[in-house]
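# need coordinates for the below:
(chains A and B)
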Amino acid sequence: KAGVTQTPRYLIKTRGQQVTLSCSPISGHRSVSWYQQTPGQGLQFLFEYFSETQRNKGNFPGRFSGRQFSNSRSEMNVSTLELGDSALYLCASSPGRAPDTQYFGPGTRLTVL
Amino acid sequence: AQKVTQAQTEISVVEKEDVTLDCVYETRDTTYYLFWYKQPPSGELVFLIRRNSFDEQNEISGRYSWNFQKSTSSFNFTITASQVVDSAVYFCALRSDTDKLIFGTGTRLQVFP
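Residues are numbered from 1 along each chain as shown, chains lettered A, B, ... in the order given. Next up is the predicted model:
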């Protein structure tokens, strides 16, 4: 069974731009979560989706948004990029609702210049 | 509030040494779940183990073992006869039934030949 896939793997943007990251969960998994990892703040939860509905949201500004499609694939969007948004963005999928074990993808490394 | 503390920022050992990674958690919930993940240099978080709060049995999987003690709110991870391939950052995480997954700050393990 294929694991969680994330595209793109690497991304370079400039301040003020917006970016969309994509995540395809493990086949059959209906829940997708997103995390931001930075050296200073560590791993921080962004949001969780289950059956196209946002179930949980972390403490991030409204510039960070996400959605989930009927096939469980998910996208997250960051608008008006700031230098501090440079990070590794990790997506995780799980079979259903909490507290299933989450399985992570390889991440998207975003660099904001 | 929930919290996970990994006091050891970095540990260095020589191959074949045993090493224990500490994890202390805080939660007011009676039902919760504890996890360990490994993050090799490639960046992907690899799931290692999940433990439910109502199951305090220790677990052994090959060279890996986990000691869960509710009395001290600890969930420690021991690698026996460490190998160079064990070099990675290890994260302990906590989740309650309906809440988000909270990660510790991670412990970087370096195993030298």
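
# tell me where chain B has strands.
B:3-5, B:10-14, B:19-21, B:24-26, B:32-39, B:46-52, B:59-61, B:64-69, B:74-79, B:88-96, B:102-103, B:107-112 (DSSP state E).

# with chain A instead?
For chain A, applying DSSP E gives strands covering A:5-7, A:10-13, A:19-24, A:31-38, A:42-50, A:53-57, A:64-68, A:74-78, A:87-94, A:103-104, A:108-112.

# so what are the sheet partners of the longest one and their directions?
What it means is strand A:42-50. strand A:31-38 (antiparallel), strand A:53-57 (antiparallel) (DSSP bridges).

# if we ignore the residues flanking it in sequence, what's nearest the most centrally placed residue in chain A?
Geometric centre of chain A, nearest residue: residue A:34, 3.3 Å, by Cα atoms, centre = their mean. Sequence neighbours aside, residue A:46 is the residue nearest to residue A:34 in space, at 4.1 Å (criterion: Cβ to Cβ, 6 or more residues apart in numbering or on different chains). Heads up, the C-betas are built off the backbone N, CA and C, glycines and all.

# OK, contacts around that neighbour?
A:33, A:34, A:35, A:36, A:57, A:58, A:60, A:64, A:66, A:76, A:89 (Cβ atoms under 8 Å, 6 or more residues apart in numbering or on different chains).

# thought residue B:68 was touching residue B:92?
No. Between residue B:68 and residue B:92 there is no contact under Cβ atoms under 8 Å: 11.1 Å.

# neighbour count winner among those two?
Using other Cβ atoms under 10 Å in any protein chain shown as the criterion, residue B:68 and residue B:92 rank with residue B:92 on top: 27 against 20.

# quick revisit: and the strands paired with strand A:42-50, which is most packed in?
strand A:31-38 (a mean of 23; mean count of other Cβ atoms under 10 Å in any protein chain shown).

# ok, back up a step: and the residue nearest to residue A:34, how far is that from residue A:90?
Taking Cβ to Cβ, to the nearest Å as the measure, residue A:46 and residue A:90 are separated by 9 Å.

# overlap of the contact sets of those two?
A:34, A:35, A:36.

# could you dump these into JSON lines and include pLDDT and distance to residue B:62?
Listed next are the shared contacts of residue A:46 and residue A:90 as JSON lines, based on pLDDT from 0 to 100; distance: Cβ to Cβ, whole Å:
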{"residue": "A:34", "pLDDT": "97", "distance to residue B:62": "32"}
{"residue": "A:35", "pLDDT": "97", "distance to residue B:62": "28"}
{"residue": "A:36", "pLDDT": "97", "distance to residue B:62": "32"}
